[in-house]
Each structure stands twice: as structure tokens, then as C-alpha cells.
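[1] with the sequence up front, the predicted model follows.
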Amino acid sequence: MQKDEQMMPVRIIGYDGAAYRTQMLDGQTDIHPVLTLVLYFGLDHEWKQPLHLKDVLVKDDIPVEIMDLVNDYKINVINVAWLSDETIKKFKSDFSEVALFFRNKRLNANYIPSNDKEIVHVDAFLKLLSVMTKNKDFERIIDYMNTQKQNTNNVEKRRFTMDSVTQNLILMGEDKGKNEGRNEGINGSIDIMKGLNLSNSIIEEKLMTTYHLDKQEAERYIRENEKATT
């Protein structure tokens, strides 16, 4: 999630309780521990909302002696974009690339992913990025890359990396410009590059190179695109 939610401790105790209840109803004699982690992808600040159930309960006019008898419940929040390099390197799965992506986005709004580490669980990885960045083009990248390989008769094993994902997102925008009308295609390219959080200066450069625009024309397309999306 990208928004810290005040009632998260209440939600988590419900999820965990349901998981324990399921084990009990299944007739298990050995109840296994349940661990729930809240993955927070916010870039502006770390999690600020309560981490304890008691911090969201109404305690007005309730004697301290009574509140002391109320069980508390602590949630575990991981501030993904604020993880250190040392911590990120400890992850052995594709999540290391996800964490690196959001950490670098926090440090540099113009960050362009370019890591050559192979992504194993491609579908789940891209769907997560799509949801967290609100950019549906991440979900379309697999079909696009498959089509590119078919068109070039490339029968080599597919290898997905953050570098190849980024480059193909930009190519998707360029192809969209070629297949659609010029104005629609340019706007499509801008949308995709905006989805990558590229700076206007980088977008200008890409537009000038791909569509042979001068600087003033590229700036005008970006301004018009921003007006249309606000």
C-alpha cells in the first residue's frame, strides 16, 4: 500500500484471527504461528499511523485499570522505500528489485530502472509494480516483449530484467506513436514516460529524438498533455 492507514492494527488482528480460526476449524492439533507483514510503498514519508491496537481505541472515560486488562496487538510494517542497501541485498527473491525500485524512486524522482538481475516471477512482479505505480503498462509489457521476439524471429529464452522492462516500456510508447495518429501517439509516449516518473527534460529529449521535434514543439506537447490529465 502507498497510503498509511490508521485502522491497520484492527484489520491485521482480524486477518490473523481468521487464519488461526481456519486452522482450528480444520481440526489441526498443532496450531502454527501466523505472521502478517504490512508492505508500505509510500515515497513521501515513512509509516506515521499507529502500530498498536490500543493507539486506535477510544479510551475516553475508561479507567486506566480497565485499559490495562485490554490486550494490545502490534503490527509489523516494512517501509519498503526506506530500506537500506544492506537490507535490500539480503532479499533473495524478486522482491529485492521491487524494494530497489521504490527506494531509488524516493531518492531520485527521475530514476530510470536499469538493473541486469534476472526477474524470475515476471507476471507477479510486473502486476505488483502496476498496482503500486498505478501504471497499467507494466502489465502489458510481457505481451509486448513476446511480440517483439516473434517479429524478430528470436527463439532465445526470454530473459526479463528491470533494464529490459524499462527499455521496452519506452519502445511501447514509440510504437504507439507509429501505429496511431501522430498527436495521439506522442501523447501515448508521454503517458508511458510519465508513468516511469521521468523528468520533463528526459521526456523532451526522447520526443525530439523519436518524433524529430524541436525543443519548443516537445515542450508544447508536454504542456498540453499535463493540461489534459489534470
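    That came in fine, so what should we check first? Numbers count the residues shown, from 1 in each chain.
[2] going forward, measure contacts and count neighbours with C-alpha atoms only.
    Fine.
[3] now the residue nearest the centre of the chain, what are its backbone angles?
    The centre of the chain sits closest to Met132, judged by Cα atoms, centre = their mean, with a distance of 3.1 Å. When read as degrees, to the nearest 10, the backbone of Met132 gives phi -70, psi -30.
[4] what's the local residue count around Gln6?
    16 (other Cα atoms under 10 Å).
[5] residues contacting it?
    Each residue near Gln6 by Cα atoms under 8 Å, 6 or more residues apart in numbering is listed here: Gln49, Pro50, Val56.
[6] could I get the buried residue list for stretch 38-54?
    Neighbour-count burial for stretch 38-54, counted by 16 or more other Cα atoms under 10 Å, picks out Leu39, Tyr40, Phe41, Gly42, Leu43, Glu46, Trp47, Pro50, Leu51, His52, Leu53, Lys54.
[7] of all those, which comes closest to Ile78?
    Taking Cα to Cα as the measure, Ile78 lies nearest Leu39 of the buried residues of stretch 38-54, at 5.1 Å.
[8] the closest one contacts Asp4, correct?
    No: here Leu39 lies out of contact with Asp4, judged by Cα atoms under 8 Å, at a distance of 10.0 Å.
[9] residue ranges of the helices in the protein, please?
    8-25, 64-67, 85-90, 95-107, 122-133, 137-151, 162-179, 182-195, 200-211, 215-228 (DSSP state H).
[10] who are the contact partners of Asp214?
    For Asp214, the contact set (Cα under 8 Å, 6+ apart) comprises Met208.
[11] need phi/psi at it.
    Dihedral angles (degrees, to the nearest 10) for Asp214: phi -90, psi 170.
[12] low-confidence stretches in the chain?
    The chain contains residues with pLDDT under 70 at 114, 145-159, 170, 173-181, 196-197, 230.
[13] what do you get if the cut-off is 50, keeping everything else the same?
    For the chain, the stretches flagged by pLDDT under 50 are 152, 154-156.
[14] what residue spans form the domains of it?
    For the chain, the structural domains run 1-82, 84-230, going by automatic domain parsing.
[15] pick the most deeply packed of those.
    Sort the domains of the chain by mean neighbour count, taking mean count of other Cα atoms under 10 Å, and domain 84-230 sits at the top with a mean of 16.
[16] quick revisit: out of the helices of the chain, flag the one nearest Val34.
    Closest to Val34 of the helices of the chain is helix 8-25 (Cα to Cα; 6.3 Å).
[17] residue contacts, Leu207?
    Neighbouring residues of Leu207 by Cα under 8 Å, 6+ apart: Ile186, Leu213, Ala218.
[18] oops, could you answer that again for Asn79 instead?
    Asn79 is in contact with Leu39, Tyr40, Phe41, Gly42, Glu46, Trp47, counting by Cα under 8 Å, 6+ apart.
[19] widest-spaced pair of these?
    Within those, Leu39 and Glu46 form the most distant pair, 11.2 Å apart (Cα to Cα).
[20] roughly how far apart are the closest residue to Lys134 other than its chain neighbours and Glu118?
    Nearest residue to Lys134, sequence neighbours excluded (Cα to Cα, 6 or more residues apart in numbering): Gly195, at 7.9 Å. Distance, Gly195 to Glu118, by Cα to Cα, to the nearest Å: 22 Å.
[21] from memory Lys105 sits against Tyr111, does it?
    Yes: in this structure Lys105 lies within contact range of Tyr111 using Cα under 8 Å: 5.7 Å.
[22] ok so, going back, closest one to His32 among the helices of the chain?
    For those, the distance to His32 is smallest for helix 8-25, at 7.9 Å, taking Cα to Cα.
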